[in-house]
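J.: missing the sequence, but the structure's below:
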């Protein structure tokens, strides 16, 4: 491959890396916007922890664990001894990874991806998780579980051999995060005041809707890199197709969620609109390179409808997910993965079964490991703050800090 | 063309698409920052509606309507039957569009552009427009009027033949949105309390200046894609020239607005500074590829001065434009379009007349169609909320939601 | 060089320019978030001034002053007569600057860099500097001091000849801004209420921590362009290495600051975490193209520790730096510059001495010029607002405007 094409490919992949990195601002804004101001600093601290420790852990072991076959020059113990030691021969030349990027870019793109899975958990457990417990969970889940699962498909492992397809991670990223979120909030319990004694839910309104809306638009922008970068080169046809299907599914998801919630609840619900956009994005992620425009719109629209019922289902199960992380990332992630077998170039009964198998195996492994980690956390640092701390707000109890100090109603 | 250059071109165009998409966060922030918090959710809902429905409508018909000549393989009825059906032969090869991008990228870049025109209207009508009325207006204006006008110039229609020049849309995007804004606020009337019985205006201060300032900087960033992408390839000289003229005009517009408003009103007015930046950006848009640095600074500086007087003029005409959309997008859009005939490579009396003709024809068509749509809206869903709803705020009356729930003065 | 590679290089450099431009939103958010709401509009106004006047001044003289050797076709007086006049032959061809970018891109990338130095000062002097005084300081410092210093190294001057190395500006940008900040706050004095009569400091909490956290993430994103663009081409190996070292140092800096402040003060301090990320970024900037992953982590981690002590040191010296600009930009900037002589490819005693010499000469020149400018400011427009204005807040006293008008406690 000539240098010019290699350079153009690598430029695209570096930009996609930057965009996926920027999604962490999107997640932060979404989460603090949909929760109460008394827990804002805590959520931001968790997000800073996730992105920094996520990158560091991925360099210390995750990258080599996830892509064992890539660094053939460093087999054995070295491949677990950290990024930078086992650099493959020619990792900076067009001979590496079909000339799609350099080895450095490869690492960084995958590293910012890895941090995403833990961020999904962060939103679901907000407002009552103990900071130390969340940090320990993150270290184990992002440091070990995520790269092990990733190795099964993207690292060329057995699920790849079995024909499971997941282009950019409806399952490998979003469901992996979503299953963990489900397990943790099950053991964590709901926030004080979320459910009445008869089991009926109370709405706990978000404190900063503008920031949550900004978060969704930033996430959508980030998805240009998330899906566009998953082509792993700047191939003009595939990258631009991925962007088109991504944007059509996001649009259809938002509109269908807004319509469906308006039909059911007679209200123009902005939160549903926003989560519908995210549901469409998660839904298209598994097959963004496989769909035509019409299929993309259908996948997104169905995701948007599923999402509305998913949010309602969680309430019925008395599961408290303050930001809707589980409907968006887990339920729409499963939908999107199965949709690869229903729509687009790969549609077939066989492929649908392959997708089901992948969803099932990864779901089971995610849940089991999440349960084990939850028990480790409970046995050591603890999972949930005290009732007093929760009522006071985690900002004051864990950080001695107020997110909006001059707006003096902030401690209510 | 070799693959490498095609790939580099397409990478640039995809990034520009992402940047123009991101402008929708800029518009959202600008609008909610300059209005009252009781209408924040409503404005965000409108913006989410505009970007999602804009992309969907553009895929359903707008793209084919605007560029009828591009899909030669799909003449007749097919060209109105939706994007994705009439893909041209070779649409993913360097043979398409001189190798500047793929057909997918072409669609998406134009789709995110299209949504911009409706967003301009959104800001001007804020705080009293009925949500259903705005949605109907948007569907008709973005779905039909914008692509029809676009086809006259960018689609290779009669205005293109007549020598009208509009590089990136001072007229085709900004004035088209601005004229509609003017018509709608004329029929809509001013917000309660904006004008006293003697006709003198009251300032209604914005509720979140930091977000509006962020909106302006995000819009400026987006303009890198708006103008840089309008080269329709990554041609090094033209794209980088467009970025330079864009940034110089924005800077000059901001400084001249701040200076002029300080001379007139003895105050360092941040809102004027911010709108001056936007005025400079709109002003340079028609000729960003035609100007040298000095001309760009002059065009921007004049736009900044015009803007200050434009804002004052609207007050005298008792037109209520909460965010200054009409001075920025309409008045500076006209100025920028005419400036192509005054400055730069195309300066000549003949060109100036060509520009005037384009401005006039597009202005007349925009106004007439906007009036027709306003009457359709009035006859069906209605254009304005009730006095009671307006006083209560649209967030509670249309969305049963509070933008800043924990900041308990929010319902004042 | 073929057109395709030139195009890909220029695309990368234009994107990096956009990212560095976007850092100005990051600085704005960081500063308004960490200060009181009564000074918010004032800080935003200063930031709009810095970016617009910075670009204009750089076009009027800064660019030619900083890179005198580049425009060989325009020697003598012309090289000071403004950008656009002395365009070099072939400035838009691959023959210019080794084909890394066009002359237009070169200008704009350097222009958005230049504005950064003044922004650093803006944060440190917040909440009590007189607007006119800050504007005059900015004009002289960005218009003259920054480009003169830049010419000594990046413009091919004597420090370049002496072997001083500063890849992306730990010293040439960050310390230059940091020294000026130190000088100005020394003459300006601390905010009313910052220090008690016994010299002990009071914490003045920031008013909007979410925006300051967003600022840090936006700055980190911008650093992809700041360091990635300093390669001055899209060379795949060097650009991707720079991104990897940048992100690892940022991560390590954040984690080490959070750990160190937790050890010292028994608190999970988000502000320390955030500033640690910034310290890591500034620290790696001088050698981002010279380090392996392990060195990058070490440099960042040490920067994070230094930062915690630096913040404490300023308090002991009774210097009031509301946003921590001096520990981040000056102290970590010096550390990063010296680290080039300790770690990585250039590590040697000789190089360490070269680095020390560069730090010393530039520090001395920055301080002397800053002192001279402070005296000019004091003798003309004045440096500090009155006590009454400071207590009232600069938003009302300088701008007659409220940043959050509907949140009625805003004038406290």
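T.: Looks like it arrived, so ask away. Because the structure is a prediction, the values reported are computed rather than measured.

J.: what's the helix or strand for whatever residue of the stretch 201-350 of chain A ends up closest to chain C?
T.: Nearest to chain C in the stretch 201-350 of chain A, going by Cβ to the nearest Cβ, is residue A:211, at a distance of 6.1 Å. Every residue, glycine included, has its C-beta placed from N, CA and C. Assigned by DSSP states H and E, residue A:211 belongs to helix A:209-228.

J.: what's the distance between that helix and the middle of its chain?
T.: Here helix A:209-228 is found 12 Å from its chain centre; the criterion is Cα atoms, centre = their mean, to the nearest Å.

J.: Then stretch A:130-143?
T.: Here the centre of stretch A:130-143 is set off from its chain's centre by 16 Å, with Cα atoms, centre = their mean.

J.: quick check, that stretch touching chain C?
T.: Yes. Residues of stretch A:130-143 are located near chain C by Cβ under 8 Å from any Cβ of the partner chain, namely residue A:131.

J.: Contacts for that stretch, please.
T.: A:42, A:45-46, A:49-50, A:53-54, A:57-58, A:60-62, A:114-115, A:117-118, A:121-122, A:125, A:180, A:184, A:369-370, A:373-374, A:376-378, A:380-385, A:394, A:398, C:268 (Cβ atoms under 8 Å, 6 or more residues apart in numbering or on different chains).

J.: From those residues, keep the buried residues only.
T.: A:42, A:45-46, A:49-50, A:53-54, A:57-58, A:60-62, A:114-115, A:117-118, A:121-122, A:125, A:180, A:184, A:369-370, A:373-374, A:377, A:383-385, A:394, A:398, C:268 (16 or more other Cβ atoms under 10 Å in any protein chain shown).

J.: since we're on the residue lying closest to residue A:90 once chain neighbours are set aside, how many residues are nearby?
T.: In space, and not counting its chain neighbours, residue A:90 is closest to residue A:96: 5.5 Å by Cβ to Cβ, 6 or more residues apart in numbering or on different chains. Residue A:96: 20 surrounding residues under other Cβ atoms under 10 Å in any protein chain shown.

J.: ok, now residue A:393?
T.: 24.

J.: what do you get for residue A:391?
T.: Residue A:391, neighbours per other Cβ under 10 Å, totals 12.

J.: One more: residue A:281?
T.: 30.

J.: try residue A:257
T.: 30.

J.: and the gap between it and residue A:264?
T.: 11 Å (Cβ to Cβ, to the nearest Å).

J.: Now do the shared contacts for those two.
T.: residue A:308.

J.: coming back round to it: among the buried ones among the contacts of stretch A:130-143, which are located in helices?
T.: Using DSSP state H, the subset of the buried ones among the contacts of stretch A:130-143 located in helices is A:42, A:45-46, A:49-50, A:53-54, A:57, A:114-115, A:117-118, A:121-122, A:180, A:184, A:369-370, A:373-374, A:377, A:394, A:398.

J.: near chain C, from those?
T.: When Cβ under 8 Å from any Cβ is applied, the members of these adjacent to chain C are A:45, A:49, A:53, A:398.

J.: need the residues you listed in TSV with distance to residue A:170, can you?
T.: TSV is the format used below for these (distance: Cβ to Cβ, whole Å):
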residue	distance to residue A:170
A:45	29
A:49	25
A:53	25
A:398	33
